[in-house]
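> What would the 3D arrangement of this be:
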Amino acid sequence: MLKVLTAGLVATVMMTGVALAQETTIRFTLGWKTQGSDAAFFLAKDKGYFKEEGLNVTIDQGEGSGATVTRIMGGAYDAGFGDVNAIIQNSSTRPEDAPVMVYMMWNQPPFAVVTKTTSGIEKPEDFQGRTLGGAQGTPTTRLLPVFAKKNGLDMSKINVSNMAPNLQEPMMIRGDIDGALVFNITSYFNLVLNRQDPDKDYRWFQFGDFGLDLYSNGLMVSRKLIKENPKAVAGLVRATNRALMEIAGDQDLGMKAAVNFDNLINVEVEKRRLQFSFEKLIVSDEMKEIGVGDIKDDRMARAIGFVVEGYDLKRTPTPAEIFSREFLPARGERNLVYTKN
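Below you'll find the predicted structure:
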């Protein structure tokens, strides 16, 4: 009997070892420091959804949603959460190295100009003769001339003051600048942390509402991973989608996973950020039509055109170079229904 048990135990250990040996490690980078809006990745890891797909996903904090692209291109990471517009920029010059977006999470762009309601700025034309603070190189700052052209503004009449991102809200609060060129999901909560009321006391000019119908952040992977292990890419997308569906109905579930990843986060603020991401960036009429994770090719083509113009790119990538729907779960599995709780 002992021999039988021992043999069975050895067989189990050997089978487990084989399973572990076959598990694919994916090095994943976030777009920034730990935020509630990243909860789907934490939940997929916590609940074993990545593991069920045969994946060992290691998650690191990021240095900016644009930096996600360069981190993957440099080979340090296989996948990450970042800005599709940074893919467009890099694909223009290095199409063979730029990552591919495989799951579009933020259907709406976060790029915005925010002003105090007391500033007297009530429409884009009012930016003329004013000073806007922008961090050099960020999409909002770089695309401002395209925004101006689209809305009939004279850029020579708009003063842009270059500054570090962490100075934008404080300088606007003090009145040193008339408005700031920001990511709404970042700036909104910077204002909250500065004891401001971003809804009552500030006005938001979203680029997407004024002609720049851009896409934004999502799950991207390296071309190397797609070529060498497409099954792993499909599993990564499937697990992330599964977690996002759950969090759409229960944000507390997502926050628990976020705290497990980083117990130093401000839970109240990050839960609001998570909800903000659904309400302002994920849920849209288009998302309801085509399902979360997908895009419309004609809209992507227009978005590529805006980025090519804003960054003065020499080559215009095609939508197929930037986004692949090859790894998306079936449409019925991407029917996201958001319920705030």
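> Look up phi and psi at Asp78.
phi -100, psi -20 (degrees, to the nearest 10).
> you'd agree it is up against Ile72?
Yes. Assessed by CB atoms under 8 Å, Asp78 is found in contact with Ile72 at 7.1 Å. The C-beta positions use only the backbone N, C-alpha and C, and glycine is treated the same way.
> so what sits against both of those two?
By CB atoms under 8 Å, 6 or more residues apart in numbering, Asp78 and Ile72 have these common neighbours: 221-222.
> Counting neighbours, go ahead and name the busier of the two.
Comparing Asp78 with Ile72 by neighbour count (other CB atoms under 10 Å), the higher total belongs to Ile72, at 29 against 25.
> who's the residue positioned nearest the centre of the chain bridged to?
Residue closest to the mean C-alpha point of the chain, counted by CA atoms, centre = their mean, is Asn217 at 2.7 Å. Beta-bridge partners recorded for Asn217 (DSSP bridges): Asp83.
> now it: how far from Trp106?
4 Å (CB to CB, to the nearest Å).
> any common contacting residues for these two?
Taking CB under 8 Å, 6+ apart as the criterion, Asn217 and Trp106 both touch Leu281.
> Flag the shaky bits of the stretch 151-300 of the chain, pLDDT-wise.
Along the stretch 151-300 of the chain, no part satisfies pLDDT under 70.
> ranges for the helices of it?
Counting by DSSP state H, counting those that start in this stretch, the stretch 151-300 of the chain has helices at residues 165-174, 184-193, 223-228, 230-249, 251-261, 267-276, 285-290, 297-310.
> Give me the contacts around the longest one.
The set of residues external to helix 230-249 that reach it, using CB under 8 Å, 6+ apart, is 24, 26, 39-41, 43-44, 47, 49-50, 52-55, 57, 79, 102-103, 105, 219, 221, 225-226, 253-254, 274, 278, 292-293, 326-329, 333-334, 336-339, 341.
> can you give me the offset of that helix from its chain's centre?
The chain centroid and the centroid of helix 230-249 are separated by 15 Å, computed with CA atoms, centre = their mean, to the nearest Å.
> Ok, stretch 292-309 next?
Distance of stretch 292-309 from its chain centroid, counting by CA atoms, centre = their mean, is 15 Å.
> quick one: Glu309 from Ala239, how far?
Distance from Glu309 to Ala239, counting by CB to CB: 37 Å.
> These two: who's more crowded?
Counted by other CB under 10 Å, Glu309 and Ala239 do not tie: Ala239 has more neighbours, with 24 against 15.
> Give the closest residue to that one in space, chain neighbours not counted.
Tyr49 (3.8 Å; CB to CB, 6 or more residues apart in numbering).
> Tell me how many other residues crowd that neighbour.
22.
> Now for it: which residues touch it?
Counting by CB under 8 Å, 6+ apart, Tyr49 makes contact with 43, 238-239, 242-243.
> now with 6 Å?
When contacts are counted by CB atoms under 6 Å, 6 or more residues apart in numbering, Tyr49 is found next to 239, 242-243.
> In JSON lines: the residues you listed, plus distance to Ala232.
JSON lines is the format used below for the contacts of Tyr49 (distance: CB to CB, whole Å):
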{"residue": "Ala239", "distance to Ala232": "11"}
{"residue": "Arg242", "distance to Ala232": "16"}
{"residue": "Ala243", "distance to Ala232": "17"}
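> Identify, from those, the entry nearest to Pro198.
Pro198 has its nearest neighbour among these in Ala243, at 27.9 Å by CB to CB.
> What is the neighbour count of that closest one?
Neighbour count of Ala243, defined by other CB under 10 Å: 24.
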